[in-house]
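What follows is a protein structure lacking sequence information:
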Ligand SMILES: N[C@H](CCC[C@H](N)C(=O)O)C(=O)O
């Protein structure tokens, strides 16, 4: 039970925003309901995900706890990984940091221009790994809802399903997003991305995030979009710019079992104190 106010830092990666609590020395007793209250953009602080920096569990210098705005605990969050890595590299005066997540180990390093580059680990495509409710070809899923009639499922530790369209900005994601998120083929629900190609060979991506809705950016989603495009032979396996509502991420994946690298910015907005009543 918390009696004292709890320090937090508000950060974002291309507008995908986080409340970050350093719980390395003092565990944060956070329930699903408490997470929802923190994430509430009127009655709480407001964020897409609540992030806790915790003592490492299976290696690295810290474990990254990730909860969506709906309170659900999830495996991976690329934009938050960059933000926490920035904090820990700054604290340690280091240019590299190893972190632990439910999705497995990730490595982050300083990149040019104040950016942070993260090895997000390998991308998975087996139906059991996504997971799907039954054996299916993850390279061509018909979810019975346009534009997800020939979609690609990818896991970065968290589940994604990617649809390629002529114009990502023309898709009514607010309508189709929740239908796909809760599609029965995804027992753990799913993050849904719509992707189109730009004239200069970049990918334009919009996302409906599991447990958070439309966000301005999704790092694991950008990784999934690039992997799906390479698997569909729409682009070659070389560094690709993915343009999100909040700005660009650079994704690099040569194919196969190679790890996916994501490079992008971080921003710290303010620090504050959570009232303990928010968590009870
Ligand atoms: N915004 C995060 C993804 C959160 C994914 C979460 N919505 C899930 O349920 O997996 C990112 O930058 O990767």
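It's in. Quick caveat: nothing in here was measured; it's all calculated off a predicted structure.

residue boundaries of the helices in the protein?
32-39, 78-92, 173-181, 219-231 (DSSP state H).

JSON lines for these, including distance to the ligand, mean pLDDT and mean neighbour count?
C-beta: built from backbone N, CA, C; applies to glycine. Formatted as JSON lines, the helices of the chain follow (distance: least, Cβ to the nearest ligand atom, whole Å; pLDDT from 0 to 100; neighbours: other Cβ atoms under 10 Å):
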{"stretch": "helix 32-39", "distance to the ligand": "12", "mean pLDDT": "97", "mean neighbour count": "20"}
{"stretch": "helix 78-92", "distance to the ligand": "3", "mean pLDDT": "98", "mean neighbour count": "23"}
{"stretch": "helix 173-181", "distance to the ligand": "9", "mean pLDDT": "98", "mean neighbour count": "17"}
{"stretch": "helix 219-231", "distance to the ligand": "3", "mean pLDDT": "98", "mean neighbour count": "28"}
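
Could you export these as TSV, including distance to residue 53?
Below are the helices of the chain laid out as TSV (distance: least, Cβ to Cβ, whole Å):
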stretch	distance to residue 53
helix 32-39	15
helix 78-92	6
helix 173-181	27
helix 219-231	17
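
Go through those and name the closest to residue 153.
Evaluated over the helices of the chain, closeness to residue 153 peaks at helix 219-231, with 8.3 Å, by Cβ to Cβ.

what does the chain put close to the ligand?
Contact residues, the chain versus the ligand (Cβ under 6 Å from any ligand atom): 16, 68, 74, 77-79, 158, 191, 209-212, 215, 218-220.

so of those residues, which ones are in strands?
16, 68, 191, 209 (DSSP state E).

and which of those residues is nearest the ligand?
residue 209 (3.7 Å; Cβ to the nearest ligand atom).

Restricted to buried residues, select the residues of the chain next to the ligand in ChimeraX.
In ChimeraX syntax, the buried subset of the residues of the chain next to the ligand is picked out as below (16 or more other Cβ atoms under 10 Å):
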select :16,68,74,77,78,79,158,191,209,210,211,212,215,218,219,220
